[in-house]
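Participant: with the input below, show me the fold.
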Amino acid sequence: MRRSPWSASMRAVRSGASAARRASQSWTMGMVSTLAEPGGIASAQEREAGKQPASPSPPHPLGGPHDMQPPSPPWLLVAMLLLLCAEAGAASTRLPRTERTRRAKASATLEQSLLAAVRDAGFDQVLDFKRDGARIAHAPYVDVAVIELDARSRPTAAANVLLSRDYPTGAIVPIDVETLGTTAVRYTAWNLDRWDSGAHDATPTEPLVPGRDKAPLRFMAPYPASLFKLLIAFRVLRWVDQGHLTWDQPWRFLRDTEDKGTRPIRDWLEPMVTESDNTATEALVKLLHEQGAMASLNAELAALGLDTLQVHGTSPVTGRSWNPGQIHMTALDTARLLLLIEGGPGVLWRTASGRDVTAKELSGASRTHLQSLLADQALHEALSSTLLCGDARAEPGIPAAVPTRWVNSEDGTVTAAETAFGRDTRPCNATAEVTFLHKTGLTENYGSDGGIVRSLPGKPWRRYIVVFLSNLGYRYYDAKVADAADFAKGEDGFPYVSTSISYTQRIPALGRQIDAMMRERQRARPQSPPAKDAAPQQAPRPAR
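Facilitator: Numbers count the residues shown, from 1 in each chain. Predicted coordinates for the structure are as follows:
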């Protein structure tokens with residue numbers, strides 16, 4: 001077939017565009033490699049102030065004054081123009097320079113405040129039941145992230161601090177102001193034997209994200225415990241949004257051959273989030289397996305830039321097998337997932353591949369549904385500790401109200417998740433300042449909590465996201481409950497069995513300090529009214 005001159009010209013344009021793009025990508029990768037050299041990572045403020053290590057400028061891919069070339073053919077000029085237009089379009093959603101600088105400065109002060117709060121928490125002072133009540137052998141693994149929000153729930157600053165045997169006084173994680181993520185940490189899977197063995201110099205294996213061997217920080221990510229149920233909830237919501245399920249669709253859960261009942265999808269989701277119900281979680285995990293939705297969960301999260309959020313090894317038969325070393329979460333990626341759930345307007349973050357992530361990743365109805373369930377959380381005993389109100393052995397945490405549905409109207413006590421907490425929560429509810437939309441996690445060796453904090457009407461204004469992950473499960477406790485430990489009883493002798501204080505109270509104390517820090521940071525800031533598309537102050541409960 002004879003090709004027209006126009007076809008030949010367009011082939012030349014496409015060829016030229018490809019060549020120019022390859023050259024541009026080569027130059028970009030050269031810059032990335034330069035910045036990734038040792039010493040090439042600074043604080044958020046230093047990165048924006050231009051204090052990165054000096055390096056020679058690479059030649060521009062299209063030449064410069066010292067690379068004079070013969071005149072380019074017209075088709076190459078057209079290709080360059082097309083490429084530049086495409087690049088300009090791709091960059092249109094990037095933060096303006098002034099906003100990048102402002103966010104970097106705000107993040108730098110937030111980083112220092114969060115580091116000070118983690119240091120002040122004194123996590124190295126907790127007692128270890130497995131060491132017969134002696135002090136913990138090493139600094140525990142703690143991962144804390146905070147994203148500051150404005151009145152429209154848009155991110156204005158971010159910080160992430162790690163504590164571990166490698167960083168016993170804490171380490172600030174460098175965060176990119178555009179992606180709100182990091183490539184500066186070599187995260188590895190949790191290994192309890194390594195923790196208990198005291199092998200400080202052991203090199204952890206099983207990286208969560210490949211290609212970070214030269215990252216300046218390393219961190220063994222603690223198992224998230226039931227905080228991972230947030231990932232299951234997110235997958236169910238996306239599956240509903242895509243039309244594969246409906247909320248009223250009945251689901252009969254057979255755990256192997258044991259019939260656990262039939263409920264609408266919404267009635268499996270609600271107890272999984274609000275009470276951390278394990279049977280409901282099993283039901284939804286098995287449902288996702290049968291629908292073919294579990295297999296794509298990790299890839300879906302990675303496409304959003306949340307590549308440390310991973311669920312592996314769950315059973316398609318029982319919905320169980322939630323094992324350390326197989327399920328992973330980090331504080332910063334979890335905080336970004338919560339940012340998506342909160343759903344401010346515009347671009348929330350930009351992935352390293354250039355994808356703009358917005359609240360539209362979930363439908364408005366799904367976001368409102370999940371927000372309402374997180375707001376209905378019964379278990380205020382970690383970063384917030386309202387369930388322990390008035391107990392002299394407990395520390396006040398984030399001043400959040402326990403939803404009234406859980407509070408006994410006669411004595412103010414709460415019974416949830418098969419636990420009678422036995423304290424009158426009404427005095428603490430009366431002085432509460434915020435709503436905490438969150439999910440907790442707890443096992444013997446791991447404790448976590450993460451959510452969205454919104455000030456109540458008439459209270460000092462603040463809005464932020466906070467996530468805490470650690471290997472501080474109910475095995476670890478404080479001196480105030482040490483007399484409740486009975487080592488002769490083994491599993492039945494943990495202090496929480498008789499006190500219902502399941503977390504070291506250094507966790508709510510940290511929550512209280514972070515909340516005070518955020519209240520003070522946002523105290524003098526003028527707040528613009530929420531936009532029509534901003535998240536509601538208190539999301540209504542979904543219709544039943």
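
Participant: alpha carbons only for contacts and neighbour counts from here, please
Facilitator: OK.

Participant: I'd assumed Asp241 was in contact with Leu362.
Facilitator: Yes: assessed by C-alpha atoms under 8 Å, Leu362 is found in contact with Asp241 at 7.1 Å.

Participant: higher neighbour count, those two?
Facilitator: Leu362 (20 against 17; other C-alpha atoms under 10 Å).

Participant: which residue is the nearest non-sequential neighbour of that one?
Facilitator: Arg238 (6.4 Å; C-alpha to C-alpha, 6 or more residues apart in numbering).

Participant: with just CA atoms, put the helix or strand harbouring that neighbour into CSV.
Facilitator: Using DSSP states H and E, Arg238 sits in helix 229-241. Listed next in CSV are the C-alpha coordinates belonging to helix 229-241 (Å, rounded to 0.1, in the frame of the first residue of the first chain):
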residue,chain,number,x,y,z
LYS,A,229,-9.5,-4.1,58.7
LEU,A,230,-9.4,-0.6,57.3
LEU,A,231,-7.9,-2.1,54.1
ILE,A,232,-10.7,-4.7,53.9
ALA,A,233,-13.3,-2.0,54.4
PHE,A,234,-11.7,0.1,51.6
ARG,A,235,-11.7,-2.8,49.2
VAL,A,236,-15.4,-3.6,49.9
LEU,A,237,-16.4,0.0,49.3
ARG,A,238,-14.5,0.1,46.0
TRP,A,239,-16.1,-3.2,45.0
VAL,A,240,-19.6,-1.7,45.8
ASP,A,241,-18.7,1.5,43.8
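
Participant: got the end-to-end distance for stretch 255-273?
Facilitator: 20 Å (C-alpha to C-alpha, to the nearest Å).

Participant: now the angle from the helix or strand harbouring Met272 to helix 229-241?
Facilitator: Assessed by DSSP H and E, Met272 sits inside helix 265-274. Relative orientation of helix 265-274 and helix 229-241, computed by axes from the mean of the first three to the mean of the last three C-alpha atoms, to 10 degrees: 160 degrees.

Participant: now do helix 265-274, average pLDDT.
Facilitator: Helix 265-274 comes out with an average pLDDT of 98.

Participant: next: stretch 441-453.
Facilitator: Taken as a whole, stretch 441-453 has an average pLDDT of 99.

Participant: CA atoms of that stretch as PDB?
Facilitator: The C-alpha coordinates for stretch 441-453 follow below in PDB (Å, rounded to 0.1, in the frame of the first residue of the first chain):
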ATOM      1  CA  GLY A 441      -5.600  -2.800  66.500                       C
ATOM      2  CA  LEU A 442      -4.400  -5.000  69.400                       C
ATOM      3  CA  THR A 443      -2.700  -8.400  70.000                       C
ATOM      4  CA  GLU A 444      -0.200  -9.600  72.500                       C
ATOM      5  CA  ASN A 445       2.700  -8.200  70.600                       C
ATOM      6  CA  TYR A 446       1.300  -5.300  68.600                       C
ATOM      7  CA  GLY A 447      -0.800  -2.100  69.200                       C
ATOM      8  CA  SER A 448      -2.100   0.400  66.700                       C
ATOM      9  CA  ASP A 449      -4.600   3.200  66.100                       C
ATOM     10  CA  GLY A 450      -5.200   5.600  63.300                       C
ATOM     11  CA  GLY A 451      -7.900   8.100  62.300                       C
ATOM     12  CA  ILE A 452      -9.200  11.500  61.500                       C
ATOM     13  CA  VAL A 453      -9.600  14.100  64.300                       C
END
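
Participant: coming back round to it: any idea how far Ala416 is from the residue nearest to Leu362?
Facilitator: 28 Å.

Participant: tell me which of those two has more neighbours.
Facilitator: Arg238 (20 against 16).

Participant: returning to that earlier point: got a list of contacts for the helix holding Arg238?
Facilitator: Identification of contacts with helix 229-241 by C-alpha atoms under 8 Å, 6 or more residues apart in numbering yields 245-247, 269, 272-273, 276, 281, 284-285, 288, 293, 297, 309, 362-363, 366, 370, 439.

Participant: for the stretch 401-544 of the chain, give me the ranges with low pLDDT.
Facilitator: 524-544 (pLDDT under 70).

Participant: what do you get for the stretch 1-150 of the chain?
Facilitator: 1-93.

Participant: ok, now with 90
Facilitator: Judged by pLDDT under 90, the stretch 1-150 of the chain has its weakly predicted residues at 1-96.

Participant: sticking with the residue nearest to the spatial centre of the chain, tell me its helix or strand.
Facilitator: Computing the C-alpha centroid of the chain and ranking residues by C-alpha atoms, centre = their mean puts Thr334 first, at 1.2 Å. When secondary structure is defined by DSSP H and E, Thr334 falls within helix 331-342.

Participant: tell me what angle that helix forms with helix 229-241.
Facilitator: 40 degrees.
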